[in-house]
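A.B. asks: got a sequence here, can you build the structure:
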Amino acid sequence: MSDLTNYRKSYEKSALNENELPEDPLNLFHKWFKETEAFGGVEEVNAMTISTLGLDGFPKARVVLLKKYNENGFVFYTNYESEKGKALQANPHVCLSFFWPSIERQVIIKGLAEKTSDLDSDNYFHSRPFGSQIGAIVSPQSDVIPNREFLENRLKELEQQWEGKEVPRPEFWGGFLVRPVSVEFWQGRPNRLHDRIRYSIRDEMDWKIERLSS
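C.D. replies: Just a heads-up that it's a prediction; the model follows:
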């Protein structure tokens with residue numbers, strides 16, 4: 001057993017003040033995202049943890065990549081028949097979280113997931129490299145398989161089948177848009193008195209802004 005009680009860090013790189021907050025959390029998210037990119041030290045700034053409630057009743061968290069965000073919300077792509085995809089279609093309540101330790105920040109987003117349009121999913125699918133397109137077809141995501149060779153052999157078959165051709169997006173693969181209902185921004189501060197600001201939606205164009213105790 002390892003004793004981690006002496007793992008300590010003082011958070012001192014920035015602050016989050018009410019008088020500097022935009023009215024819309026998407027604007028603050030964009031500012032933080034770009035600042036994290038510029039600061040460096042995070043290999044994939046768009047990596048986010050997505051937590052769902054599974055069909056077995058258990059919550060499950062895993063890391064996926066954010067591929068787009070705008071005034072409507074946050075978009076990622078996946079296999080709709082995966083454990084994640086099935087969970088979201090049964091219960092669209094979802095939590096996304098970003099942790100950027102180099103700049104001592106975290107963002108937690110609660111929202112409702114819905115499938116993106118076929119056109120959006122098609123456009124993103126065809127922007128991917130050929131190998132990634134084939135990989136989406138090859139993998140029965142979350143299913144039990146006999147061994148790794150099962151995937152590698154299937155990949156070789158499909159590479160030969162679709163070489164030099166346009167690969168059609170499978171119907172079981174596409175995007176989810178998460179429309180936020182609350183967005184919490186966490187900025188590490190000294191003595192564990194962290195800054196926590198939460199935006200909660202009141203209607204389509206209006207957000208309530210509150211400071212939370214650390």
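
A.B. asks: tell me which element the most centrally placed residue in the chain is part of?
C.D. replies: In the chain, the centroid-proximal residue (C-alpha atoms, centre = their mean) is Met48; its distance is 3.9 Å. Using DSSP states H and E, the element containing Met48 is strand 47-53.

A.B. asks: okay, and Lys110 sits in which element?
C.D. replies: Applying DSSP H and E as the criterion places Lys110 in strand 105-115.

A.B. asks: any weak-confidence spans in the chain?
C.D. replies: Residues of the chain that meet the criterion pLDDT under 70 lie in 140, 143-145.

A.B. asks: ok, Gly164 to Arg128 distance?
C.D. replies: 17 Å (C-beta to C-beta, to the nearest Å). Yep, even glycine has a C-beta here, placed from its N, CA and C like the rest.

A.B. asks: wait, is Ala136 part of a strand?
C.D. replies: No: read with DSSP: H, G, I helix; E, B strand; the rest coil, Ala136 is helix and lies in no strand.

A.B. asks: now it. Nearest residue, chain neighbours left out?
C.D. replies: Spatial nearest neighbour of Ala136, excluding adjacent residues (C-beta to C-beta, 6 or more residues apart in numbering): Trp173 at 4.9 Å.

A.B. asks: cool, and Lys60?
C.D. replies: For Lys60, ignoring the flanking residues on the chain, the nearest one in space by C-beta to C-beta, 6+ apart is Gly54 at 5.2 Å.

A.B. asks: contacting residues around the one you found?
C.D. replies: 60, 83, 87 (C-beta atoms under 8 Å, 6 or more residues apart in numbering).

A.B. asks: give me the sheet partners of the strand holding Met48 and which way each runs.
C.D. replies: Strand 47-53 has its sheet partners listed here by DSSP bridges as strand 59-65 (antiparallel), strand 93-100 (antiparallel).

A.B. asks: which parts of stretch 24-42 are buried?
C.D. replies: 25-26, 28-29, 32-33, 36, 39, 42 (16 or more other C-beta atoms under 10 Å).

A.B. asks: select the longest strand from this structure.
C.D. replies: The longest strand of the chain (DSSP state E) is strand 173-187.

A.B. asks: how much does that strand deviate in direction from strand 105-115?
C.D. replies: Counting by axes from the mean of the first three to the mean of the last three C-alpha atoms, to 10 degrees, strand 173-187 lies at 150 degrees to strand 105-115.

A.B. asks: pairing partners for the next helix or strand after strand 173-187, with directions?
C.D. replies: Later in the chain than strand 173-187, the nearest helix or strand by DSSP H and E is strand 195-203. If you go by DSSP bridges, strand 195-203 pairs up with strand 173-187 (antiparallel), strand 206-212 (antiparallel).
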